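Q: here are the coordinates; sequence isn't available:
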Ligand code: BES
Ligand code: MN
Ligand code: ZN
């Protein structure tokens with residue numbers, strides 16, 4: 001669907017030309033003359049999200065030309081390009097399948113490498129072209145059938161393979177988005193394990209799904225306790241990607257609460273409204289593994305997704321219960337709504353013990369506190385390891401899945417003690433909910449290099465944005481694929 005083109009010989013339906021308000025960023029004289037014409041239109045300066053549309057421009061061989069503002073050149077980073085491509089695609093989607101061609105700015109004039117510009121614009125365009133209309137009776141829109149990019153002929157040759165790489169990464173992101181959007185009643189732990197296995201089965205991945213009996217044999221007491229109240233018993237999915245001559249093994253672990261009611265400490269009022277999204281970490285990890293299997297990096301990657309429904313019933317685990325975890329430590333339940341950290345410690349210590357990975361990264365919609373601290377666009381990043389944290393920060397900057405590092409203060413650990421068990425799952429501390437949740441996890445990874453991403457904010461949006469519809473965002477898939485290159 002993504003294509004590179006170096007001329008406008010074939011008639012195009014819609015041509016998009018991004019422009020800056022304070023700088024010329026195109027070389028092609030035919031484009032430049034249309035941009036000049038656009039700038040004679042009253043009030044059009046090329047400010048961000050401003051646009052002018054021309055019809056049947058003869059020199060450009062296009063039915064429709066949209067001149068799209070990027071704003072000031074200095075502020076027009078790769079994310080502005082990504083969003084511009086996304087918005088362009090959304091403007092062209094209609095009932096009938098349509099096509100678009102987007103003109104890339106000149107490398108020299110815009111001052112950005114073609115690779116970076118193309119990558120971002122391809123991502124924005126591909127992701128924006130995904131529609132989640134499975135539950136709409138009437139399909140009012142059809143995704144574009146072709147998205148082309150107008151580039152110089154040398155770039156067309158040089159980046160001939162980029163489109164398929166970006167498609168694979170974006171398909172992975174979309175897979176995670178769709179899983180998150182599925183209602184909880186259709187993705188019980190067993191059903192979700194089935195969906196993941198179905199997709200993973202198409203790639204070269206080893207797939208193992210542990211059922212409740214096997215989880216019991218393994219001693220995953222925390223996963224079993226959280227799942228006890230549900231009629232749908234827990235599962236744990238393990239996906240393994242093995243590379244030839246790999247020097248390293250990286251493990252990803254994702255929180256997979258298929259619905260978080262809070263359990264016996266039930267969430268009040270409407271606050272469980274979005275809790276079908278509480279498996280976004282697991283979705284990102286499983287989708288990342290499927291993507292990794294297609295990209296084939298030279299590193300072994302393990303993905304672990306504990307899948308559990310947190311429900312209140314006569315069989316539920318209770319506040320005051322003491323659990324025996326996989327690691328062997330006991331945990332007193334202070335609050336059944338702090339369930340994510342419980343299923344994660346079993347999965348994390350299982351990952352560490354079984355695979356002895358060089359690094360482990362977990363993703364979890366873990367705390368409302370993190371959402372409060374950083375808003376719904378930025379994930380909290382926790383790691384005692386500076387180089388691992390920096391690699392994740394850098395990947396997040398590149399893919400615009402933004403992370404912000406928060407501390408793991410040693411003295412706060414004390415707040416997680418229990419009078420009668422080894423640990424409590426809730427902290428006795430004023431505030432700092434995201435920090436103490438991360439500290440709780442840190443007790444179960446031993447000396448292994450570890451990082452935790454609290455994605456409670458950016459895992460899902462209530463409203464759509466430039467290249468993501470409302471619902472699951474697939475946050476983390478692109479970041480995890482990128483960070484493998486940096487570890
Ligand atoms: N899944 C929630 C966290 C969450 C909240 C994610 C809002 C996305 C949006 C998590 O299991 C939870 O309930 N956390 C509690 C912990 C508390 C009981 C210590 C919280 O954040 O309030
Ligand atoms: Mn909860
Ligand atoms: Zn939860």
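A: Everything's here; your move. Worth saying up front: this structure is predicted, and the values here are computed from it rather than measured. Ligands and ions are numbered 1, 2, ... in the order given.

Q: what's the domain layout of the protein?
A: Here the domain assignment for the chain is 2-153, 167-483, based on automatic domain parsing.

Q: what's the distance between the residue in the chain that ligand 2 sits nearest to and residue 431?
A: Evaluated by C-beta to the ion, the chain has residue 337 as its residue closest to ligand 2, separated by 3.8 Å. Every C-beta, even on glycine, is put in place using the N, C-alpha and C of the backbone. Distance of residue 337 to residue 431, given as C-beta to C-beta, to the nearest Å: 17 Å.

Q: Tell me which of those two has more neighbours.
A: residue 337 (21 against 11; other C-beta atoms under 10 Å).

Q: What are the neighbouring residues in contact with the more buried one?
A: Neighbouring residues of residue 337 by C-beta atoms under 8 Å, 6 or more residues apart in numbering: 260, 262-263, 265-267, 310.

Q: got the contact list for the closest residue to ligand 3 within the stretch 201-350 of the chain?
A: At 3.7 Å from ligand 3, residue 260 is the closest residue in the stretch 201-350 of the chain, using C-beta to the ion. Neighbour list for residue 260: 267, 272, 275, 278, 310, 337, 339-340 [criterion: C-beta under 8 Å, 6+ apart].

Q: Just the element for the residue of the chain closest to ligand 2, please.
A: Counting by DSSP states H and E, there is no helix or strand that carries residue 337.

Q: Over to the one 10 residues further on?
A: Residue 347 is located in helix 340-355, with elements delineated by DSSP H and E.

Q: and that helix, what other elements does it pack with?
A: Using 3 or more C-beta pairs under 8 Å, 6 or more residues apart in numbering; DSSP states H and E as the contact test, the elements touching helix 340-355 are helix 221-227, strand 249-254, strand 256-260, strand 300-310, strand 359-364, helix 433-442.

Q: 6 Å instead, please
A: When contacts are defined as 3 or more C-beta pairs under 6 Å, 6 or more residues apart in numbering; DSSP states H and E, helix 340-355 sits against helix 221-227, strand 249-254, strand 300-310, strand 359-364, helix 433-442.

Q: between these, which one is nearest to residue 112?
A: Of all the helices and strands packed on helix 340-355, it is strand 359-364 that lies closest to residue 112, at 29.0 Å by C-beta to C-beta.

Q: That closest one pairs with which strands, parallel or anti?
A: Within its sheet, strand 359-364 is paired with strand 249-254 (parallel), strand 450-454 (parallel), according to DSSP bridges.

Q: Quickly check: the helix holding residue 347 near ligand 2 or not.
A: No. Helix 340-355 lies out of reach of ligand 2 by C-beta under 5 Å from the ion, never closer than 6.1 Å.

Q: Show me what that helix is in contact with.
A: Helix 340-355 is contacted by residues 220, 222-223, 226, 249, 251, 253, 255, 302, 304, 306, 308, 325-327, 360, 362, 364, 366, 425, 437, 440-441, 444-446, 448 when judged by C-beta atoms under 6 Å, 6 or more residues apart in numbering.

Q: Please name the residues that touch residue 457.
A: Contacts of residue 457 (C-beta under 6 Å, 6+ apart): 371, 374-376.

Q: now swap in residue 429 and tell me
A: 415, 436.

Q: If we use 10 Å, what do you get?
A: Neighbouring residues of residue 429 by C-beta atoms under 10 Å, 6 or more residues apart in numbering: 412, 414-416, 435-436, 439.

Q: CSV for the residues you listed, including pLDDT and neighbour count?
A: Shown next, in CSV, are those (pLDDT from 0 to 100; neighbours: other C-beta atoms under 10 Å):
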residue, pLDDT, neighbour count
412, 98, 16
414, 98, 11
415, 98, 17
416, 98, 23
435, 98, 24
436, 98, 24
439, 98, 24
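
Q: Around ligand 2, pick out the residues from the stretch 151-300 of the chain.
A: Within the stretch 151-300 of the chain, the positions near ligand 2 by C-beta under 5 Å from the ion are residue 260.

Q: how about a cut-off of 8 Å?
A: Proximity of the stretch 151-300 of the chain to ligand 2, by C-beta under 8 Å from the ion, involves residues 257, 260, 262-263, 267, 275, 278.

Q: Turn these into JSON lines, columns for pLDDT.
A: Listed next are these as JSON lines, based on pLDDT from 0 to 100:
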{"residue": "257", "pLDDT": "99"}
{"residue": "260", "pLDDT": "98"}
{"residue": "262", "pLDDT": "98"}
{"residue": "263", "pLDDT": "98"}
{"residue": "267", "pLDDT": "98"}
{"residue": "275", "pLDDT": "98"}
{"residue": "278", "pLDDT": "98"}
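
Q: Could you give me the ChimeraX syntax to select whichever of the contacts of helix 340-355 are buried?
A: Of the contacts of helix 340-355, the buried ones can be selected in ChimeraX as follows, counting by 16 or more other C-beta atoms under 10 Å:
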select :220,222,223,226,249,251,253,255,302,304,306,308,325,326,327,360,362,364,366,425,437,440,441,444,445,448
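
Q: The contacts of helix 340-355: which ones sit near ligand 1?
A: Applying C-beta under 6 Å from any ligand atom to those, one finds that nothing falls near ligand 1.

Q: Can you name the residues of this protein that neighbour ligand 3?
A: Checking the chain against ligand 3 by C-beta under 8 Å from the ion, the hits are 255, 257, 260, 275, 278, 310, 337, 339-340, 365-366.

Q: quick one on the thing from earlier: in the contacts of residue 429, find the pair that's most separated.
A: Greatest spatial distance in the contacts of residue 429: 414 and 435, 12.9 Å, computed using C-beta to C-beta.

Q: Residue 54 contacts residue 66, doesn't it?
A: Yes. Contact criterion C-beta atoms under 10 Å: residue 54 and residue 66 qualify, at 8.3 Å.

Q: Looking at these two, which is more packed in?
A: Using other C-beta under 10 Å, the more surrounded residue of residue 54 and residue 66 is residue 66, with 21 against 17.

Q: ok, that one touching residue 90?
A: No. Using C-beta under 10 Å, residue 66 is not in contact with residue 90, being 11.7 Å away.

Q: Overlap of the contact sets of residue 54 and residue 66?
A: Counting by C-beta under 10 Å, 6+ apart, the common neighbours of residue 54 and residue 66 are 15, 17, 38.

Q: how about the second one, secondary structure?
A: Just to be clear, that refers to residue 17. For residue 17, the assignment made with DSSP: H, G, I helix; E, B strand; the rest coil gives strand.

Q: tell me which element residue 232 is part of?
A: Under DSSP H and E, no helix or strand contains residue 232.

Q: Please report phi then psi for it.
A: Note on residue 232: backbone dihedrals following degrees, to the nearest 10 are phi -110, psi 110.

Q: you'd agree it is up against residue 191?
A: Yes. Under the criterion of C-beta under 10 Å, residue 232 makes contact with residue 191 at 8.0 Å.

Q: who has more neighbours, these two?
A: Taking other C-beta under 10 Å, residue 232 and residue 191 do not tie; residue 232 has more neighbours (20 against 17).

Q: ok, so what distance separates the closest residue to the more buried one other than its chain neighbours from residue 167?
A: In space, and not counting its chain neighbours, residue 232 is closest to residue 188: 3.6 Å by C-beta to C-beta, 6 or more residues apart in numbering. Distance, residue 188 to residue 167, using C-beta to C-beta: 31 Å.
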